[in-house]
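Chemist: Okay, sequence plus prediction incoming.
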Amino acid sequence: EIALYQGGASRVAGVDDILKLSSNENPHGAPQSAQEAAREAAGAMHLYPNTDHAGLRAAIGEVHGLDPERIICGVGSDEIIHLLCQAYAGPGDEVLHPEYGFLMYAISARGAGATPVVAPERDRTVDVDALLRAATDRTRLVFLANPANPTGTMIGGQDVVRLADGLPDGCLLVLDGAYAEYVADFDGGLGLAQARENVFVTRTFSKMYGLGGMRVGWGYGAQSVIDVLNRLRGPFNLSNVALAAAEAAMRDRDFAAACLADNTAQRARLLAGLADLGLAADPSEANFVLARFADATEAADCDAFLKSRGIIVRHPVGYGLPDCLRMTVGTATGVDRLLEGLAAWRDR
Ligand code: PLP
(Lines give C-alpha, C1' and ligand atoms only; values in the text may rest on other atoms or scores of the structure.)
Protein backbone atom coordinates (compact mmCIF):
# COMPACT_ATOMS: atom_id res chain seq x y z
CA GLU A 1 0.00 0.00 0.00
CA ILE A 2 2.85 2.38 0.80
CA ALA A 3 4.26 1.76 -2.68
CA LEU A 4 0.90 2.65 -4.17
CA TYR A 5 0.84 5.94 -2.29
CA GLN A 6 4.31 7.07 -3.27
CA GLY A 7 4.33 10.27 -5.26
CA GLY A 8 4.94 8.52 -8.57
CA ALA A 9 7.78 8.63 -11.03
CA SER A 10 9.41 11.96 -11.75
CA ARG A 11 11.64 10.62 -14.54
CA VAL A 12 11.07 8.90 -17.83
CA ALA A 13 13.99 7.11 -19.50
CA GLY A 14 15.17 8.96 -22.59
CA VAL A 15 12.97 12.03 -22.03
CA ASP A 16 14.47 15.26 -20.65
CA ASP A 17 11.48 17.54 -20.65
CA ILE A 18 9.23 16.04 -18.01
CA LEU A 19 5.80 17.39 -17.16
CA LYS A 20 4.91 15.90 -13.77
CA LEU A 21 1.18 15.98 -13.18
CA SER A 22 0.92 12.98 -10.87
CA SER A 23 1.10 14.32 -7.31
CA ASN A 24 -1.02 17.49 -7.37
CA GLU A 25 1.95 19.73 -6.68
CA ASN A 26 1.78 23.43 -7.43
CA PRO A 27 2.83 23.87 -11.07
CA HIS A 28 4.08 27.38 -10.24
CA GLY A 29 6.56 26.00 -7.72
CA ALA A 30 7.19 27.49 -4.29
CA PRO A 31 6.61 31.22 -3.73
CA GLN A 32 9.76 33.37 -3.98
CA SER A 33 9.03 34.60 -0.45
CA ALA A 34 9.27 31.04 0.89
CA GLN A 35 12.41 30.28 -1.10
CA GLU A 36 14.14 33.38 0.32
CA ALA A 37 13.04 32.55 3.87
CA ALA A 38 14.32 28.99 3.47
CA ARG A 39 17.71 30.21 2.16
CA GLU A 40 18.05 32.53 5.12
CA ALA A 41 17.02 29.85 7.61
CA ALA A 42 19.52 27.45 6.05
CA GLY A 43 22.29 29.56 7.57
CA ALA A 44 21.13 28.35 10.98
CA MET A 45 20.79 24.69 10.11
CA HIS A 46 23.30 23.74 12.80
CA LEU A 47 20.77 24.87 15.42
CA TYR A 48 17.83 22.78 16.55
CA PRO A 49 14.50 24.26 15.49
CA ASN A 50 11.89 25.61 17.89
CA THR A 51 9.83 22.81 19.31
CA ASP A 52 6.61 24.80 19.60
CA HIS A 53 6.35 26.12 16.01
CA ALA A 54 5.13 29.39 17.53
CA GLY A 55 5.93 31.58 14.51
CA LEU A 56 4.18 29.31 12.04
CA ARG A 57 1.16 28.77 14.29
CA ALA A 58 0.85 32.54 14.75
CA ALA A 59 0.89 33.08 10.96
CA ILE A 60 -1.74 30.37 10.39
CA GLY A 61 -3.83 31.79 13.23
CA GLU A 62 -3.71 35.31 11.79
CA VAL A 63 -4.61 34.27 8.26
CA HIS A 64 -7.44 31.93 9.28
CA GLY A 65 -8.66 33.76 12.38
CA LEU A 66 -7.83 30.84 14.69
CA ASP A 67 -6.45 30.47 18.18
CA PRO A 68 -2.80 29.36 17.64
CA GLU A 69 -3.02 27.27 20.80
CA ARG A 70 -5.40 24.95 19.00
CA ILE A 71 -3.07 24.45 16.02
CA ILE A 72 -0.51 21.63 15.68
CA CYS A 73 2.12 21.48 12.94
CA GLY A 74 3.40 18.25 11.46
CA VAL A 75 5.63 16.71 8.82
CA GLY A 76 3.01 17.14 6.14
CA SER A 77 -0.61 16.47 6.98
CA ASP A 78 0.44 12.82 6.64
CA GLU A 79 2.00 13.10 10.09
CA ILE A 80 -1.16 14.61 11.56
CA ILE A 81 -3.22 11.74 10.09
CA HIS A 82 -0.71 9.28 11.49
CA LEU A 83 -0.74 10.90 14.95
CA LEU A 84 -4.54 10.88 15.04
CA CYS A 85 -4.56 7.15 14.34
CA GLN A 86 -1.82 6.47 16.89
CA ALA A 87 -3.69 8.48 19.51
CA TYR A 88 -7.25 7.40 18.96
CA ALA A 89 -7.33 4.03 17.17
CA GLY A 90 -5.92 0.69 18.19
CA PRO A 91 -6.68 -3.03 18.00
CA GLY A 92 -10.43 -3.62 17.98
CA ASP A 93 -11.16 -0.06 16.82
CA GLU A 94 -12.41 0.95 13.39
CA VAL A 95 -11.29 3.83 11.21
CA LEU A 96 -13.92 4.75 8.66
CA HIS A 97 -13.37 6.46 5.32
CA PRO A 98 -15.15 6.76 1.98
CA GLU A 99 -14.56 4.21 -0.78
CA TYR A 100 -12.03 6.31 -2.72
CA GLY A 101 -10.52 7.88 0.39
CA PHE A 102 -6.90 9.00 0.49
CA LEU A 103 -4.70 5.91 0.95
CA MET A 104 -2.93 7.18 4.07
CA TYR A 105 -6.11 6.78 6.12
CA ALA A 106 -6.03 2.98 5.83
CA ILE A 107 -2.23 2.81 6.02
CA SER A 108 -2.12 4.83 9.25
CA ALA A 109 -5.10 2.97 10.70
CA ARG A 110 -3.40 -0.39 10.10
CA GLY A 111 -0.16 0.97 11.50
CA ALA A 112 -2.01 1.71 14.73
CA GLY A 113 -3.46 -1.82 14.79
CA ALA A 114 -6.97 -0.63 13.95
CA THR A 115 -9.26 -1.87 11.19
CA PRO A 116 -9.99 0.38 8.21
CA VAL A 117 -13.65 0.32 7.17
CA VAL A 118 -14.81 1.60 3.80
CA ALA A 119 -18.19 3.20 3.04
CA PRO A 120 -19.36 3.18 -0.59
CA GLU A 121 -19.52 6.39 -2.60
CA ARG A 122 -22.11 7.43 -5.13
CA ASP A 123 -20.81 8.48 -8.56
CA ARG A 124 -17.36 9.02 -7.09
CA THR A 125 -18.81 11.42 -4.53
CA VAL A 126 -18.85 10.91 -0.76
CA ASP A 127 -22.16 9.49 0.46
CA VAL A 128 -22.87 10.77 3.97
CA ASP A 129 -25.68 8.29 4.54
CA ALA A 130 -23.39 5.39 3.67
CA LEU A 131 -20.78 6.71 6.11
CA LEU A 132 -23.41 7.03 8.84
CA ARG A 133 -24.64 3.49 8.15
CA ALA A 134 -21.08 2.14 8.36
CA ALA A 135 -20.27 3.88 11.67
CA THR A 136 -20.45 1.61 14.72
CA ASP A 137 -19.66 1.93 18.40
CA ARG A 138 -16.15 0.74 17.50
CA THR A 139 -15.58 3.64 15.09
CA ARG A 140 -13.02 6.02 16.55
CA LEU A 141 -12.09 8.14 13.54
CA VAL A 142 -13.85 9.11 10.33
CA PHE A 143 -11.62 10.61 7.62
CA LEU A 144 -13.20 12.74 4.93
CA ALA A 145 -11.23 14.76 2.40
CA ASN A 146 -13.27 17.67 1.09
CA PRO A 147 -12.58 18.19 -1.79
CA ALA A 148 -11.62 14.55 -2.08
CA ASN A 149 -8.55 12.96 -3.60
CA PRO A 150 -8.45 11.26 -6.15
CA THR A 151 -11.95 12.16 -7.31
CA GLY A 152 -11.84 15.95 -6.92
CA THR A 153 -15.51 16.04 -5.90
CA MET A 154 -16.79 17.61 -2.69
CA ILE A 155 -19.86 17.61 -0.49
CA GLY A 156 -21.67 20.67 0.87
CA GLY A 157 -21.47 22.16 4.34
CA GLN A 158 -24.90 20.89 5.36
CA ASP A 159 -23.89 17.32 4.59
CA VAL A 160 -20.73 17.71 6.65
CA VAL A 161 -22.77 19.00 9.60
CA ARG A 162 -25.21 16.10 9.18
CA LEU A 163 -22.29 13.70 9.35
CA ALA A 164 -20.83 15.37 12.44
CA ASP A 165 -24.27 15.29 14.08
CA GLY A 166 -24.98 11.67 13.24
CA LEU A 167 -21.73 9.99 14.27
CA PRO A 168 -21.68 7.99 17.49
CA ASP A 169 -20.22 9.53 20.64
CA GLY A 170 -16.53 8.93 21.05
CA CYS A 171 -15.86 9.27 17.33
CA LEU A 172 -13.77 12.10 15.88
CA LEU A 173 -14.62 13.42 12.40
CA VAL A 174 -11.43 14.46 10.60
CA LEU A 175 -11.99 16.86 7.73
CA ASP A 176 -8.96 16.64 5.47
CA GLY A 177 -8.60 20.01 3.76
CA ALA A 178 -5.53 19.26 1.66
CA TYR A 179 -7.33 20.88 -1.30
CA ALA A 180 -9.53 23.36 0.58
CA GLU A 181 -7.44 26.30 -0.63
CA TYR A 182 -8.61 25.62 -4.18
CA VAL A 183 -12.23 26.34 -3.30
CA ALA A 184 -12.93 30.09 -3.13
CA ASP A 185 -14.44 31.36 0.13
CA PHE A 186 -14.34 27.93 1.77
CA ASP A 187 -12.97 27.41 5.28
CA GLY A 188 -12.55 23.64 4.92
CA GLY A 189 -14.54 23.00 8.10
CA LEU A 190 -12.40 25.19 10.39
CA GLY A 191 -15.52 26.94 11.69
CA LEU A 192 -17.11 23.60 12.50
CA ALA A 193 -13.95 22.42 14.26
CA GLN A 194 -13.91 25.66 16.23
CA ALA A 195 -17.42 25.01 17.47
CA ARG A 196 -17.39 21.24 18.00
CA GLU A 197 -15.16 18.95 19.98
CA ASN A 198 -15.81 16.01 17.64
CA VAL A 199 -14.50 17.72 14.49
CA PHE A 200 -10.84 18.10 13.58
CA VAL A 201 -9.33 19.67 10.46
CA THR A 202 -6.05 18.80 8.70
CA ARG A 203 -4.38 21.10 6.18
CA THR A 204 -1.21 21.11 4.12
CA PHE A 205 1.45 23.36 2.64
CA SER A 206 2.12 20.79 -0.09
CA LYS A 207 -0.46 21.91 -2.62
CA MET A 208 -1.45 25.59 -2.96
CA TYR A 209 1.57 26.78 -0.97
CA GLY A 210 3.99 24.92 -3.21
CA LEU A 211 5.99 23.22 -0.44
CA GLY A 212 5.45 19.51 -1.11
CA GLY A 213 9.15 18.76 -0.63
CA MET A 214 9.38 20.72 2.63
CA ARG A 215 6.84 18.48 4.35
CA VAL A 216 4.66 20.82 6.41
CA GLY A 217 1.05 20.33 7.40
CA TRP A 218 -1.13 21.41 10.27
CA GLY A 219 -4.20 20.45 12.22
CA TYR A 220 -6.83 22.38 14.13
CA GLY A 221 -9.27 21.07 16.69
CA ALA A 222 -10.26 20.84 20.33
CA GLN A 223 -7.54 21.76 22.79
CA SER A 224 -7.75 18.29 24.35
CA VAL A 225 -6.97 16.65 20.99
CA ILE A 226 -4.15 19.08 20.19
CA ASP A 227 -2.57 18.38 23.59
CA VAL A 228 -2.64 14.62 23.00
CA LEU A 229 -1.11 14.92 19.53
CA ASN A 230 1.60 17.27 20.80
CA ARG A 231 2.61 14.70 23.40
CA LEU A 232 2.91 12.05 20.71
CA ARG A 233 4.87 13.96 18.07
CA GLY A 234 8.62 14.27 18.01
CA PRO A 235 9.76 17.53 19.65
CA PHE A 236 11.80 18.58 16.59
CA ASN A 237 9.51 17.18 13.92
CA LEU A 238 9.84 20.21 11.62
CA SER A 239 13.18 21.62 10.47
CA ASN A 240 13.87 25.34 10.86
CA VAL A 241 14.13 25.63 7.07
CA ALA A 242 10.68 24.09 6.61
CA LEU A 243 9.18 26.26 9.35
CA ALA A 244 10.60 29.44 7.81
CA ALA A 245 9.40 28.52 4.32
CA ALA A 246 5.90 27.66 5.51
CA GLU A 247 5.52 30.83 7.57
CA ALA A 248 6.58 32.98 4.61
CA ALA A 249 4.25 31.08 2.27
CA MET A 250 1.31 31.46 4.64
CA ARG A 251 1.89 35.22 4.87
CA ASP A 252 2.23 35.55 1.08
CA ARG A 253 -1.45 36.11 0.36
CA ASP A 254 -0.77 37.46 -3.14
CA PHE A 255 0.82 34.15 -4.15
CA ALA A 256 -2.11 32.14 -2.78
CA ALA A 257 -4.65 34.39 -4.51
CA ALA A 258 -2.81 34.16 -7.84
CA CYS A 259 -2.58 30.36 -7.60
CA LEU A 260 -6.28 30.04 -6.78
CA ALA A 261 -7.25 32.20 -9.76
CA ASP A 262 -4.93 30.39 -12.16
CA ASN A 263 -5.98 26.92 -11.01
CA THR A 264 -9.64 27.83 -11.48
CA ALA A 265 -8.98 29.11 -15.00
CA GLN A 266 -6.70 26.25 -16.08
CA ARG A 267 -8.95 23.58 -14.56
CA ALA A 268 -11.85 24.93 -16.64
CA ARG A 269 -9.65 24.80 -19.76
CA LEU A 270 -8.57 21.25 -18.98
CA LEU A 271 -12.13 20.06 -18.36
CA ALA A 272 -13.34 21.72 -21.57
CA GLY A 273 -10.44 20.16 -23.48
CA LEU A 274 -11.23 16.71 -22.10
CA ALA A 275 -14.87 17.12 -23.11
CA ASP A 276 -13.79 18.11 -26.65
CA LEU A 277 -11.75 14.91 -26.80
CA GLY A 278 -14.77 12.90 -25.72
CA LEU A 279 -13.37 12.03 -22.30
CA ALA A 280 -15.69 12.11 -19.29
CA ALA A 281 -14.60 13.80 -16.06
CA ASP A 282 -16.33 14.70 -12.83
CA PRO A 283 -16.63 18.37 -11.87
CA SER A 284 -13.45 18.89 -9.85
CA GLU A 285 -13.11 21.39 -7.02
CA ALA A 286 -9.40 20.67 -6.53
CA ASN A 287 -6.14 21.15 -8.47
CA PHE A 288 -6.58 17.96 -10.47
CA VAL A 289 -9.20 16.25 -12.57
CA LEU A 290 -10.13 12.59 -12.87
CA ALA A 291 -10.67 11.56 -16.48
CA ARG A 292 -12.60 8.37 -17.20
CA PHE A 293 -11.80 5.93 -19.99
CA ALA A 294 -13.70 3.03 -21.54
CA ASP A 295 -11.89 0.53 -19.30
CA ALA A 296 -8.68 -0.12 -17.36
CA THR A 297 -6.81 -1.23 -20.49
CA GLU A 298 -7.56 2.00 -22.30
CA ALA A 299 -6.55 4.07 -19.26
CA ALA A 300 -3.27 2.14 -18.96
CA ASP A 301 -2.64 2.59 -22.68
CA CYS A 302 -3.19 6.35 -22.46
CA ASP A 303 -1.00 6.53 -19.34
CA ALA A 304 1.85 4.77 -21.17
CA PHE A 305 1.41 6.94 -24.27
CA LEU A 306 1.58 10.15 -22.22
CA LYS A 307 4.60 8.85 -20.34
CA SER A 308 6.42 8.17 -23.61
CA ARG A 309 6.00 11.90 -24.30
CA GLY A 310 7.31 12.85 -20.86
CA ILE A 311 3.90 13.57 -19.36
CA ILE A 312 3.39 11.80 -16.03
CA VAL A 313 -0.17 11.48 -14.72
CA ARG A 314 -1.55 9.11 -12.10
CA HIS A 315 -3.27 5.82 -12.91
CA PRO A 316 -5.18 5.35 -9.63
CA VAL A 317 -5.41 1.55 -9.70
CA GLY A 318 -4.68 1.38 -5.96
CA TYR A 319 -7.72 3.56 -5.33
CA GLY A 320 -10.00 1.14 -7.15
CA LEU A 321 -10.32 3.46 -10.15
CA PRO A 322 -8.40 1.52 -12.83
CA ASP A 323 -10.42 3.03 -15.68
CA CYS A 324 -9.39 6.57 -14.71
CA LEU A 325 -6.37 8.83 -14.93
CA ARG A 326 -5.86 11.62 -12.42
CA MET A 327 -4.24 14.70 -13.93
CA THR A 328 -2.92 17.63 -11.95
CA VAL A 329 -3.96 21.01 -13.32
CA GLY A 330 -0.80 22.56 -14.75
CA THR A 331 0.13 26.05 -15.88
CA ALA A 332 -1.43 27.25 -19.14
CA THR A 333 1.42 25.68 -21.13
CA GLY A 334 1.20 22.51 -19.04
CA VAL A 335 -2.51 22.18 -19.81
CA ASP A 336 -1.79 22.80 -23.51
CA ARG A 337 0.87 20.10 -23.57
CA LEU A 338 -1.34 17.60 -21.75
CA LEU A 339 -4.26 18.23 -24.11
CA GLU A 340 -1.95 17.90 -27.12
CA GLY A 341 -0.70 14.61 -25.71
CA LEU A 342 -4.24 13.34 -25.18
CA ALA A 343 -5.25 14.38 -28.69
CA ALA A 344 -2.22 12.57 -30.13
CA TRP A 345 -3.14 9.46 -28.13
CA ARG A 346 -6.71 9.57 -29.42
CA ASP A 347 -5.47 9.97 -33.03
CA ARG A 348 -2.70 7.39 -32.72
N1 PLP B 1 -4.69 14.38 2.31
C2 PLP B 1 -4.96 14.29 1.01
C3 PLP B 1 -6.39 14.16 0.59
C4 PLP B 1 -3.94 14.29 0.06
O5 PLP B 1 -4.23 14.17 -1.23
C6 PLP B 1 -2.60 14.40 0.51
C7 PLP B 1 -1.49 14.36 -0.44
O8 PLP B 1 -1.61 14.13 -1.60
C9 PLP B 1 -2.37 14.49 1.87
C10 PLP B 1 -3.43 14.49 2.74
C11 PLP B 1 -0.99 14.52 2.44
O12 PLP B 1 -0.34 15.69 2.14
P13 PLP B 1 0.97 16.14 2.89
O14 PLP B 1 1.44 15.04 3.78
O15 PLP B 1 1.93 16.45 1.82
O16 PLP B 1 0.56 17.33 3.69
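Modeler: It's in. Being a predicted model, the structure only gives us computed values, none of them experimental.
Chemist: OK, contacts around the residue nearest the centre of the chain?
Modeler: Residue closest to the average C-alpha location in the chain (Cα atoms, centre = their mean): residue 178, at 3.4 Å. Residue 178 is in contact with 77, 102, 145, 149, 202-204, 206-207, counting by Cβ atoms under 8 Å, 6 or more residues apart in numbering. Heads up, the C-betas are built off the backbone N, CA and C, glycines and all.
Chemist: So which of the residues you listed are in strands?
Modeler: Those of the contacts of residue 178 mapping onto strands are 145, 202-204, per DSSP state E.
Chemist: Considering only those residues, which also neighbour the ligand?
Modeler: 145, 204 (Cβ under 6 Å from any ligand atom).
Chemist: Count the neighbours of the nearest residue to residue 284 once chain neighbours are set aside for me.
Modeler: Of all residues not flanking residue 284 in the chain, residue 152 sits nearest, at 3.2 Å (Cβ to Cβ, 6 or more residues apart in numbering). By the criterion of other Cβ atoms under 10 Å, residue 152 has 27 neighbours.
Chemist: There's contact between residue 152 and residue 289 in this structure, I believe.
Modeler: Yes. Here residue 152 reaches residue 289: they are 5.9 Å apart, a contact under Cβ atoms under 8 Å.
Chemist: Could you tell me which residues touch both of the two?
Modeler: Contacts common to residue 152 and residue 289, judged by Cβ under 8 Å, 6+ apart, are 282, 326.
Chemist: and this structure, what are its domains?
Modeler: 2-29+254-346, 32-251 (automatic domain parsing).
Chemist: Where does residue 52 sit: helix, strand or coil?
Modeler: Put simply, residue 52 is coil when judged by DSSP: H, G, I helix; E, B strand; the rest coil.
Chemist: Just read off the phi/psi values of it.
Modeler: phi -100, psi 0 (degrees, to the nearest 10).
Chemist: re earlier: what's the closest of the ones in strands among the contacts of residue 178 to residue 20?
Modeler: residue 204 (17.8 Å; Cβ to Cβ).
Chemist: Now for the closest residue to the ligand within the stretch 51-200 of the chain, how many residues are close by?
Modeler: Nearest residue of the stretch 51-200 of the chain to the ligand: residue 76, at 2.5 Å (Cβ to the nearest ligand atom). Counted by other Cβ under 10 Å, the residues lying close to residue 76 total 23.
Chemist: what's it in contact with, if anything?
Modeler: Each residue near residue 76 by Cβ under 8 Å, 6+ apart is listed here: 204, 206, 215-217.
Chemist: Can you give me the buried ones in stretch 176-192?
Modeler: 176-183, 186-190, 192 (16 or more other Cβ atoms under 10 Å).
Chemist: now for that stretch, what's the gap between its first and last residues?
Modeler: End-to-end span of stretch 176-192 (Cα to Cα, to the nearest Å): 13 Å.
Chemist: That stretch and the ligand, are they touching?
Modeler: Yes. Applying Cβ under 6 Å from any ligand atom, one finds stretch 176-192 touching the ligand at 176, 178.
Chemist: Reformat the buried residues of stretch 176-192 as a markdown table; add pLDDT and secondary structure.
Modeler: What follows is the buried residues of stretch 176-192, written out as a markdown table (pLDDT from 0 to 100; DSSP: H, G, I helix; E, B strand; the rest coil):
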| residue | pLDDT | secondary structure |
| --- | --- | --- |
| 176 | 98 | strand |
| 177 | 98 | coil |
| 178 | 98 | coil |
| 179 | 98 | coil |
| 180 | 98 | helix |
| 181 | 98 | helix |
| 182 | 98 | helix |
| 183 | 98 | coil |
| 186 | 97 | coil |
| 187 | 96 | coil |
| 188 | 96 | coil |
| 189 | 97 | coil |
| 190 | 98 | helix |
| 192 | 97 | helix |
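Chemist: Tell me which two of those residues sit farthest apart.
Modeler: Going by Cβ to Cβ, the pair spanning these furthest: 182 and 192, at 18.9 Å.
Chemist: Helix, strand, or coil at residue 63?
Modeler: helix.
Chemist: ok, now how distant is it from residue 313?
Modeler: According to Cβ to Cβ, to the nearest Å, residue 63 and residue 313 sit 32 Å apart.
Chemist: and those two? which has more neighbours close in?
Modeler: residue 313 (26 against 12).
Chemist: show me the contacts for the more buried one.
Modeler: Here residue 313 is in contact with 21-22, 303, 306, 325-328, 338 (Cβ under 8 Å, 6+ apart).
Chemist: Quick check: it vs residue 28, distance?
Modeler: 19 Å.
Chemist: What lies in contact with stretch 239-247?
Modeler: By Cβ under 8 Å, 6+ apart, stretch 239-247 touches 30, 34-35, 37-38, 40-42, 44-45, 47-50, 53, 55-56, 59, 73, 205, 209, 211, 214-216, 238.
Chemist: of the residues you listed, buried ones?
Modeler: By 16+ other Cβ under 10 Å, those give 30, 34-35, 37-38, 41, 49, 53, 55-56, 59, 73, 205, 209, 211, 214-216, 238 as buried.
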